[in-house]
Structure formats: structure tokens, C-alpha cells
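>>> fold the following.
(2 chains)
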Amino acid sequence: MMIPTEWIMGLIGGLMIGAAAAMYLLINGRIMGASGILGGIVDATGPTWEKAFFIAGLILAPLGYGLAFGFPATNLTSNPALLIAAGLLVGIGTRMANGCTSGHGVCGISRFSVRGITATVAYLLAGFIAMYVGRHMLGVW
Amino acid sequence: MRGLFALLAGALFGAGLTVSGMTDTAKVQGWLDLFGDWDPTLAFVLGGAILPMLVAWRVAARRERAVLGTAIPAPSEPVIDRRLIVGSALFGVGWAVAGLCPGPAMAVLSYGGGDALLFFGAMAVGMLGNRLFVSPAKAAAT
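As a prediction, the model looks like this:
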């Protein structure tokens, strides 16, 4: 049986994401949560320079990767109304719930955190439903 | 030193997101599209990311402090409140609409053009809006 290359690349990329989270935890003593790191800068809760370094790496590594190997497609919608609505929902929701796919998902599940697992089930269910409604009933995204 | 390792962790995170294909919104929306042309890649990414962290939490449990001296974050109280559920649900809907969550939204900033900037700007406004209008107090860490 052929295993699709995309699945293998997903697993390799995932291991890199997990290694990054492990490094940030064991060396810096911080939870690697993208929404908490950005949100902490945006609303100025706590010291921000360590978070700023993290975000600099997060932005620069894909830039370097793209310059070396070519930029991958984002396939991002160019509909401004959808971009604004989605951005607002992701921003409000992740800060309200205090975590996103990295904090609640990667770091929370691996710690068997009740909050992390609950949040992950909730955003997955909401995502599945929103995808069904938006794509198969309304045809808008 | 803290800044250097934060930069390296961020870079490894960004490279992992790029390699895994999670900066491609079509793959993320494909994962959420259970009743369409379903794409299971995200499960491999999440599973792969959890593996090193299972080891890291076991290592962390044996020591009080991280290498650079910061205390290992305490586990959150297992409190399921409305904010956790409602916030996660709102996030899930926004995730489905554009196929971006906060990490990939930052990973594509340098090459995603005006659309990526618009999403990022709206996300930052949403984060600030939450602090101003929804959860004024600093919430407990995960």
C-alpha cells in the first residue's frame, strides 16, 4: 500500500512542531501556544520581548524556507468579508478560550489536560459543522 | 539566551508548519470537510506534534524548573467553563471559514500578501476586543 507523501510530510512537520513545543517548555519554561504568545503582545499582558523573539522566528523560518525551496500555496480566500469575519472569530475565540490548536491541542492533549482536550473537541466539532454548513449548504467557503 | 531559544523554537515551529502543509488553507479546510473530499493530513500533524510533547511533559514532571530557570507551568485547574466552550466554538467556526489558526496565520505573513495581512489584522483586533469587552481580567494559563 502506498502511503501518500502528504501524510508523511505531515508527520515529519508535526514532529518538528512538537520538538519546538518541547524546546520552548524545557528550555524557556513556557507553553508554546500561538494565540497566547501573540495575544500577550497585542493586549500587553506580561513581558513581551520573549514572545516577540518567538514570533520573529515563526515568521522568518517560512520566509527562509520559501526563498530556498519556493513558497508553498496558501490557497487563502481573497474575499475581504470572509477574511475579516474569520480573523475576528479566531482572535476573539482563542483568547476567550485561552488557547488554540497549539496550546490546547498540542501542549494540552499531550499533558492530558481536561481543558485542552475539551477545547480541542469543541473547536473541532464547531469546525466540522461550520464546514458542512458553509461549503455544502451555503457554498460560501 | 531566552530570546535566542524563543527565536529558535519559533523558527522550528514555523518550519514544521510549512513542511507539514498546514500553511495551505485548502488542506486544513479539507480536514474539516468530513462530508466532502476529506483530507486526513492534519491528524498526522497533530499526532506527530503530540509525540515529542508526551516525552517533554514526562521530563518536565521530574524537574521543577526549565533549563533557563523559569518554573515549569503548573497544570490548569480542570474547570470547564462557558468561556472555554464558547471561545473554542467561535474559534472553530473562524478556522473553518478561512482555514487559518493563529500559528499558520503568522507563518504565512511574509509571503501571503494582503489577504494574509487582512486576516492577521482582524485576528489581532479580535484578540484586543476580547480583552476590552469579553474577558477583561487576565485568564488562567492553560
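>>> you'd agree A:Glu6 is up against B:Gly21?
Yes: at 6.0 Å, A:Glu6 and B:Gly21 qualify as touching, with contact defined as C-beta atoms under 8 Å. From N, CA and C alone the C-beta is placed, and that goes for glycine too.
>>> okay, and the common contacts of the two?
Common contacts of A:Glu6 and B:Gly21, defined by C-beta atoms under 8 Å, 6 or more residues apart in numbering or on different chains, comprise B:27, B:41.
>>> more neighbours: these two, which one.
The neighbour comparison of A:Glu6 against B:Gly21 (other C-beta atoms under 10 Å in any protein chain shown) goes to B:Gly21, with 25 against 16.
>>> output the below-cut-off pLDDT ranges for chain B.
Along chain B, the parts satisfying pLDDT under 70 run over B:137-142.
>>> show me where it has its helices.
For chain B, the helices defined by DSSP state H cover B:2-20, B:25-32, B:41-61, B:82-98, B:102-107, B:113-129.
>>> residue 133: how many residues sit nearby?
Since no chain was named, I'll use chain A. A:Val133: 14 neighbours (other C-beta under 10 Å).
>>> my question was about chain B, not that one.
Counted with other C-beta under 10 Å, the neighbours of B:Phe133 add up to 9.
>>> next one: B:Pro73
16.
>>> same question, A:Ala130
Residues contacting A:Ala130 under the criterion other C-beta under 10 Å number 21.
>>> hang on, it packs against B:Phe91?
No: between A:Ala130 and B:Phe91 no contact is recorded; they are 10.5 Å apart, counting by C-beta under 8 Å.
>>> tell me, how many neighbours does B:Ala74 end up with?
Neighbours of B:Ala74 under the rule other C-beta under 10 Å: 8.
>>> same question, A:Tyr132
17.
>>> and A:Trp49, by the same measure?
11.
>>> how close does it sit to B:Ala66?
Using C-beta to C-beta, to the nearest Å, A:Trp49 is found at 17 Å from B:Ala66.
>>> longest helix in chain A, by residue count?
Among the segments of chain A that qualify as a helix by DSSP H, the longest is helix A:49-69.
>>> so who does A:Ile55 touch?
Here A:Ile55 is in contact with A:37-38, A:41, B:10, B:106 (C-beta under 8 Å, 6+ apart).
>>> got the contact list for the residue most central in space within chain A?
Centroid check for chain A by C-alpha atoms, centre = their mean gives A:Thr101 as the closest residue, at 4.8 Å. Neighbouring residues of A:Thr101 by C-beta under 8 Å, 6+ apart: A:34, A:120, A:123, B:46, B:95, B:101-103.
>>> how much space separates it from A:Asn79?
23 Å.
>>> ok, back up a step: what is the nearest of the contacts of A:Ile55 to A:Ala61?
B:Gly10 (7.3 Å; C-beta to C-beta).
>>> how close does that closest one sit to A:Thr48?
With distances taken as C-beta to C-beta, B:Gly10 is found 14 Å from A:Thr48.
>>> which of these two has more neighbours?
When B:Gly10 is set against A:Thr48 and neighbours are counted by other C-beta under 10 Å, the residue ahead is B:Gly10, at 29 against 14.
>>> could I get the pLDDT score of the nearest residue to the more buried one once chain neighbours are set aside?
Once flanking residues are discounted, B:Gly10 sits nearest to A:Gly57: 2.8 Å by C-beta to C-beta, 6 or more residues apart in numbering or on different chains. pLDDT, A:Gly57: 98.
>>> in terms of contact, does A:Gly57 touch B:Gly16 like I think?
No: in terms of C-beta under 8 Å, A:Gly57 does not count as a neighbour of B:Gly16; the distance is 11.5 Å.
>>> which stretches of chain A have low pLDDT?
A:1.
>>> that one: helices as residue ranges?
A:5-23, A:34-42, A:49-69, A:80-96, A:109-110, A:114-131.
>>> could you check how far the third one is from the centre of its chain?
Relative to its parent chain, helix A:49-69 has a centroid offset of 15 Å by C-alpha atoms, centre = their mean, to the nearest Å.
>>> for the fifth one, same thing?
Using C-alpha atoms, centre = their mean, we find the averaged C-alpha position of helix A:109-110 to lie 15 Å away from the chain's own average C-alpha position.
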